[in-house]
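1. the sequence and its predicted three-dimensional model are supplied below.
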Amino acid sequence: MPGPSPDELAAEGAAALADLFPPFVRVALVPVADRRCPWPEEEAAVARAVPSRRREFLSGRAAAHAALAAIGRDQGPVEVGPRRQPRWPAGVVGSIAHAGAWAGAVVAGSEHARGLGLDIEVLDPPLPDDVERAVAGPLVAEPTGHPLDAYATKVAFSVREAVFKCLFPFTEWLLEPTDVAVELDLREGRYRAVVSDRFRRAESVLPAIQEATIAGRFAVIAGHLLTGAWVQAGGASAGGPVPT
Ligand SMILES: CC(C)(COP(=O)(O)OP(=O)(O)OC[C@H]1O[C@@H](n2cnc3c(N)ncnc32)[C@H](O)[C@@H]1OP(=O)(O)O)[C@@H](O)C(=O)NCCC(=O)NCCS
């Protein structure tokens with residue numbers, strides 16, 4: 001019997017992705033594939049790119065448009081900002097990621113969220129030692145006997161990428177690995193990310209982030225690690241309830 005199709009697997013991934021975020025966040029996950037794009041501005045952004053880059057960019061945009069349609073805000077191209085960040089319609093926050101077979105996007109109205117971050121990594125192999133040393137920052141991950149124990153550094157890396165994308169609109173800073181201390185619950189798929197003092201003191205950083213903790217979730221599905229980060233609008237806490 002044939003296995004699930006790429007679209008069926010992506011639908012499974014999308015359901016897992018939705019579970020990482022609160023209900024006001026809309027998500028989309030699509031297979032990375034050759035795609036035609038209705039927006040010349042998006043085509044132009046990858047006009048000179050190699051085919052693999054074109055596929056991942058346009059698949060990420062396809063996911064972005066699907067997620068925007070789900071909140072009734074799919075009105076035009078999602079252009080590329082000066083630091084490579086997606087330019088969302090006014091009143092919308094969001095994030096795009098792609099890796100392996102999948103491209104995904106998450107969006108929300110800014111009345112609900114101040115920032116969103118999504119990261120996707122192919123789970124295998126664990127980070128090689130030299131990469132691990134280069135990206136290592138503060139990390140607490142108690143061994144739990146869970147198969148993910150061997151991937152703690154990769155999960156922490158993914159958390160930092162999601163947190164980076166979530167916080168980038170506030171400071172436009174590149175984070176150093178040491179800017180985000182990560183505490184993982186590998187069994188429950190939960191993390192706490194605590195930003196460094198230099199980051200907290202930045203005037204542009206929200207009071208919610210000055211509180212210093214983003215609590216979020218990650219999941220592994222079909223060999224892909226999906227990690228989400230968000231900062232809620234108006235609330236004192238970033239990323240929802242701190243996991244216990
Ligand atoms: C920007 C960055 C997060 C992209 O990661 P990546 O592994 O190349 O690819 P991902 O699939 O995870 O994400 C790519 C998407 O992120 C989005 N992105 C890129 N720059 C961004 C930014 N400054 N802010 C928010 N989103 C951004 C884009 O949509 C991009 O896809 P696109 O170019 O096709 O539109 C990463 O390259 C980077 O520079 N990180 C900064 C370093 C850092 O602070 N890391 C955390 C601490 S170690």
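-> Nice, thanks for sending it over. Residues are numbered from 1 along each chain as shown.

2. contacts and neighbour counts: CA atoms only from here.
-> Fine.

3. next secondary structure element downstream of the helix or strand of the chain with the lowest mean pLDDT?
-> Every helix and strand of the chain was ranked by mean pLDDT, DSSP states H and E. The lowest is helix 207-210, at a mean of 54. Proceeding N to C from helix 207-210, the next assigned helix or strand is strand 213-221, under DSSP states H and E.

4. what's the domain layout of this protein?
-> Following automatic domain parsing, the chain resolves into domains at 6-118, 121-232.

5. lowest mean pLDDT across the ones you listed, which one is that?
-> Here these differ in mean pLDDT, and the lowest is domain 121-232 at a mean of 85.

6. tell me the SS of residue 145?
-> Classification of residue 145 using DSSP: H, G, I helix; E, B strand; the rest coil returns coil.

7. backbone dihedrals for it, please?
-> When read as degrees, to the nearest 10, the backbone of residue 145 gives phi 80, psi 0.

8. give the contact list for it.
-> For residue 145, the contact set (Cα atoms under 8 Å, 6 or more residues apart in numbering) is empty.

9. against residue 155, how distant is it?
-> To residue 155, residue 145 is 16 Å away according to Cα to Cα, to the nearest Å.

10. same thing with residue 91?
-> Counting by Cα to Cα - residue 91 and residue 155 are separated by 31 Å.

11. and residue 54, by the same measure?
-> 27 Å.

12. neighbour count winner among these two?
-> Ranked by neighbour count (other Cα atoms under 10 Å), residue 54 and residue 155 place residue 155 first, with 29 against 21.

13. report the contact partners of that one.
-> residue 225.

14. please identify which helix or strand holds it.
-> Using DSSP H and E, residue 155 falls in helix 152-171.

15. which parts of this protein sit against the ligand?
-> 57, 60, 83-86, 95-99, 119-120, 135, 160-161, 164-165, 168, 174-177 (Cα under 6 Å from any ligand atom).

16. show me which of these are buried.
-> For the residues of the chain next to the ligand, a burial check counting by 16 or more other Cα atoms under 10 Å picks out 57, 60, 85-86, 95-99, 119-120, 135, 160-161, 164-165, 168, 175, 177.

17. among those residues, which are in strands?
-> 86, 95, 96, 97, 98, 99, 119, 120 (DSSP state E).

18. show me the beta-bridge partners of the fourth one.
-> What it means is residue 97. The partner list for residue 97 in beta bridges (DSSP bridges) reads residue 104.

19. how much space between the spatially most central residue of the chain and residue 176?
-> In the chain, the C-alpha nearest the mean C-alpha coordinate belongs to residue 118, at 0.9 Å (Cα atoms, centre = their mean). In this view, residue 118 and residue 176 are 18 Å apart by Cα to Cα.

20. got it, and residue 82?
-> 20 Å.

21. again with residue 196
-> 10 Å.

22. do the same with residue 193
-> Distance check for residue 193 against residue 176: by Cα to Cα, it reads 13 Å.

23. for the protein, which segments count as helices?
-> Along the chain, the stretches classed as helices by DSSP state H are 6-18, 40-45, 51-70, 129-135, 152-171, 197-200, 207-210.

24. which parts of the first one are buried?
-> In terms of neighbour count (16+ other Cα under 10 Å), helix 6-18 has its buried residues at 9, 10, 11, 13, 14, 16, 17, 18.

25. which residues does stretch 183-199 contact?
-> 139-142, 144, 146, 148-149, 152, 156, 159-160, 163, 178-182, 205, 209, 212-219, 242-243.

26. which among these count as buried?
-> 139-141, 148-149, 152, 156, 159-160, 163, 179-182, 205, 209, 212-219.
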